[in-house]
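sequence isn't available, so here's the structure alone:
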């Protein structure tokens, strides 16, 4: 899985002052809201974008998440960091957005899973490619390609892959977010990884464009 990176938009001082920031928010301090958006807005918007794949929807998700958070400030007991709490609200809001716009049966992932001949060899012939996708995501020159392949996964599998491998939630947390069982999450994640591997193999097997 990818290592968790600190939020580029959030300084160390702002991280240390989360308790003070929360107290200001509870008092209705308008400047505290600006600090909150500046500190966490970039990270939260990036999470929403990955899940809903639409800029306008992503911004709506973050805005709705902020409103939900403010309504629930008195219920926040501080068991986790404020940033972690906001992150979970954004993820849940994004998943609700996906459910509300779902209008068709679940897409099949079978066409994206690897196919094998009777002798165990791949039906498709790929050039040698063995780099794990999480390592590719750490390389700037390949990150866009990997994310593009993730976007081609059916919604149910894409959500599991993003929440588990990129956002690094536990299997139990993902199951709770998706209102399913941990076993179902494990199966979907395994198939999503297989499908992503197939897409990446096909992508990297393409000949480089000639000038």
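Thanks, I have it. Fair warning: this is a prediction, and the values are worked out from it, not measured in the lab. Numbering: from 1, shown residues only.

would you mind giving the domain segments of the protein?
12-100, 110-205 (automatic domain parsing).

tell me the average confidence for the helix or strand containing residue 40?
Using DSSP states H and E, residue 40 maps to helix 30-52. Mean per-residue pLDDT for helix 30-52: 90.

what sits up against it?
Outside of helix 30-52, the residues within contact range by CB atoms under 8 Å, 6 or more residues apart in numbering are 7-11, 14, 21, 24-25, 55, 57-59, 61-62, 65-66, 83, 86-87, 90-91, 93-95, 97-98, 147, 159, 162, 166-167. C-beta here means a position set from N, CA and C on the backbone, and glycine is covered the same way.

using PyMOL, define a selection of the buried residues within the residues you listed.
The buried residues among the contacts of helix 30-52 can be selected in PyMOL (16 or more other CB atoms under 10 Å) with this line:
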select buried, resi 7+9+10+14+21+24+25+57+58+61+62+65+66+83+86+87+90+91+93+94+95+97+98+147+159+162+166+167
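
and the helix holding residue 40, how far out from the chain's middle?
15 Å (CA atoms, centre = their mean, to the nearest Å).

next helix or strand past that helix?
Next element after helix 30-52 (DSSP H and E): helix 55-71.

who touches that following helix?
With CB under 8 Å, 6+ apart, helix 55-71 has contacts from 25, 36-37, 41, 44-45, 48-49, 51-52, 76, 85-86, 89-90, 93-94, 97.

let's see it at 6 Å
44-45, 48-49, 52, 86, 89-90, 93-94, 97 (CB atoms under 6 Å, 6 or more residues apart in numbering).

closest one of these to residue 185?
residue 94 (16.9 Å; CB to CB).

ok, now how distant is the closest one from residue 75?
21 Å (CB to CB, to the nearest Å).

could you measure from the residue nearest to the spatial centre of the chain over to residue 87?
Against the mean C-alpha coordinate of the chain, by CA atoms, centre = their mean, the closest residue is residue 162 at 3.6 Å. From residue 162 over to residue 87 the distance is 13 Å, taken as CB to CB.
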